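Trainee: Provided below for reference: sequence and predicted model.
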Amino acid sequence: MKRRIFFDAGAGGSGGKITEQEELLAKVKSTVETELATRGYQKADEVSNLINKAFEGLPVEALRTFKPQETIDTVKRLAGEFEKLKNRGDQKEQKLNAIRAAMQDEKFMESVERVFNGRQANTEVVLNTRAAAIMTIVDNVAVNDGNIPEDILNSFSVDAFTKKRRPYEYIWDVVNRVSVAAVTQYKTWMEEGDEQGAFAIVAEGGLKPLTSTGLVRNTSQAKKLAGKRVYTEEFVKFRKEAYAIIEQLLSEKLTRDYANLIVADLVTASAAYTGTTLDDQIVAPNDYHAIGAVAAQIESLDFIPDTLVINPQDKWRMALAQTSTGEFYTTIPVYSANGDTIIMGFRVITSTKVTAGDLILGESRLYKIEEEPVTIRMGYGLEITKDGANVTNVTSDFDTNRFRIIAEMFFHSYISSSYTGSWVKTTFATVKAALLKP
């Protein structure tokens, strides 16, 4: 969870001789109280006390950067935040501690000063309250060297980096994917609505029948895929090869996670097996019967299924299927000239991302993806460690020689409602049970 918190000066004071710190605090306190009274905040005294408490003990160097006459908008935002914190009861003290810790960070205060003085009006000061795995050169966090022989320094050579084997991303073989420079927040299109009336043969001078049709507007809202990684500067300096490999792996992970989201969208848009005239008609239904029944359901809606997605175990179970007398179905499956597996005329894609026993059948290229390139940002942030609702520690990237890389992309994922039923996801067992003759 991220929260953007805008800060201004605090308040405080002491008896006796007025110090520079107390004078600055008094000015800020006056500004805060005046703004609270002007805005008419509920429980203004309590809000003011909370603000004062957050700024107790701040060094004079931090206070010198603030100009009370320029803090009106900031006080309004901060007071609103403290009102929210007050309403959260027991979490109040923990949030104040986190804010105060951030205020005591020199680099953080410099960022805030730049925002207030208008030199970087678009600067975002971000508190990150989610712990992230930080890649360092110690404790085998990013590179696990395992059990290395002691005499490796005397004789060794380096082989190529080895990746793990991962499931085949079948989704890109079945969707209509387009890349654009930038996606809009909404994608809209017209769909055909209901028809009324019909054209007919009429006699001379006869009344012509009335016909009409309608249009339906549909929309898709853009989605954002994002993630971050945090490195120490020592890791980048002393583990250059590992850093390059990890960046490559994380880029590929973004693509895999993106594909998983599209698969989830396609599965959500897919229909279940609802039945055909083949139900209750087959004495001993097998996997081929099940595929045929699903295809029949799709074709009954005037779609043309062309792609079957199954687990490799199901492909080989069908390839090794035998008749009641022990002969193999040698003509099923077959292979096309380009090496694609063909079962009952359908292109077959096998992937372990499909659970064994499941099948997905449909007409390809009807589901659409519109995407923009991945945006990469580098910068510094804060890490907040929490124990339940309690904030236990706050550290800044700059002070601890860390930096973070954020990757994000926007995309549309949608299918026209006119194509509902063009994809079916079910199980072999479900369909065979429906086909079995009582």
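Mentor: Structure's in. What do you need?
Trainee: And the single longest helix found in the chain, what's buried?
Mentor: For the chain, the helix with the greatest residue count under DSSP state H is helix 240-269. Going by neighbour count (16 or more other Cβ atoms under 10 Å), the buried part of helix 240-269 is 242-243, 246-247, 254, 258-259, 262-263, 265-266, 269. To be clear about C-beta, it is placed using only N, CA and C from the backbone, and glycine gets the same treatment.
Trainee: tell me which element the residue most central in space within the chain is part of?
Mentor: Nearest to the geometric centre of the chain sits residue 225, at 3.8 Å (Cα atoms, centre = their mean). Taking DSSP states H and E as the definition, one finds residue 225 inside strand 223-232.
Trainee: Given that strand, what are its sheet partners and their directions?
Mentor: If you go by DSSP bridges, strand 223-232 pairs up with strand 134-135 (parallel), strand 402-414 (antiparallel).
Trainee: Show me what the longest helix of the chain packs onto, helices and strands only.
Mentor: For helix 240-269, the packing partners by 3 or more Cβ pairs under 8 Å, 6 or more residues apart in numbering; DSSP states H and E come out as strand 223-232, helix 233-238, strand 402-414, strand 423-427.
Trainee: What ranges does the stretch 301-438 of the chain have for its helices?
Mentor: 312-319, 428-435 (DSSP state H, counting those that start in this stretch).
Trainee: can you state the direction angle for the first one and helix 428-435?
Mentor: Angular relation of helix 312-319 and helix 428-435 on a 0 to 180 degree scale: 50 degrees, by axes from the mean of the first three to the mean of the last three Cα atoms, to 10 degrees.
Trainee: Which other helices and strands does helix 312-319 contact?
Mentor: Here helix 312-319 touches helix 287-299, strand 341-343, strand 346-350, going by 3+ Cβ pairs under 8 Å, 6+ apart.
Trainee: that older thread, as a whole number, average confidence for the strand holding residue 225?
Mentor: If you average the pLDDT over strand 223-232, you get 94.
Trainee: buried stuff in it?
Mentor: Applying 16+ other Cβ under 10 Å to strand 223-232 flags 225, 229-232 as buried.
Trainee: List just the nearest of the buried residues of helix 240-269 to residue 19.
Mentor: Residue 19 lies nearest to residue 243 out of the buried residues of helix 240-269, by Cβ to Cβ, at 48.7 Å.
Trainee: Would you mind measuring from residue 172 to residue 307?
Mentor: For residue 172, the distance to residue 307 equals 12 Å [Cβ to Cβ, to the nearest Å].
Trainee: more neighbours, these two?
Mentor: Neighbour count, other Cβ atoms under 10 Å: between residue 172 and residue 307, residue 307 has more, with 19 against 12.
Trainee: now residue 342, nearest residue through space, not along the chain?
Mentor: Once flanking residues are discounted, residue 342 sits nearest to residue 334: 4.9 Å by Cβ to Cβ, 6 or more residues apart in numbering.
Trainee: If I look at that neighbour, what pLDDT would I see?
Mentor: Residue 334 is given a pLDDT of 82.
Trainee: roughly how far apart are it and residue 135?
Mentor: Applying Cβ to Cβ to residue 334 and residue 135 gives a distance of 48 Å.
Trainee: Pull the residues that contact stretch 205-225.
Mentor: Outside stretch 205-225, the residues within contact range by Cβ atoms under 8 Å, 6 or more residues apart in numbering are 183-200, 202, 254, 257-258, 261, 408-414, 416-417.
Trainee: which of the residues you listed are buried?
Mentor: Neighbour-count burial (16+ other Cβ under 10 Å) is assigned, among the contacts of stretch 205-225, to 183, 187, 254, 258, 409-414, 416.
Trainee: Just the closest of those residues to residue 320, please.
Mentor: residue 258 (35.2 Å).
Trainee: Could you list which residues are in contact with the closest one?
Mentor: Per Cβ under 8 Å, 6+ apart, neighbours of residue 258: 225, 409, 411.
Trainee: Name the nearest of those relative to residue 282.
Mentor: Closest to residue 282, out of all of the contacts of residue 258 and judged by Cβ to Cβ, is residue 411, at 42.5 Å.
Trainee: residue contacts, the closest one?
Mentor: 183, 222-223, 225, 258, 369-372.
Trainee: Could you dump these into CSV and include distance to residue 396?
Mentor: Listed next are the contacts of residue 411 as CSV, based on distance: Cβ to Cβ, whole Å:
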residue, distance to residue 396
183, 34
222, 32
223, 31
225, 27
258, 31
369, 38
370, 38
371, 34
372, 31
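Trainee: Okay, now the unreliable bits of the chain?
Mentor: 1-18, 20-21, 32, 35-133, 139-141, 330-332 (pLDDT under 70).
Trainee: Per the annotation, how does this protein divide into domains?
Mentor: As given by automatic domain parsing, the domain ranges for the chain are 2-128, 270-370+419-435.
Trainee: Between residue 334 and residue 135, tell me which one has more neighbours.
Mentor: Set residue 334 next to residue 135 and count neighbours by other Cβ under 10 Å: residue 135 wins out with 20 against 12.
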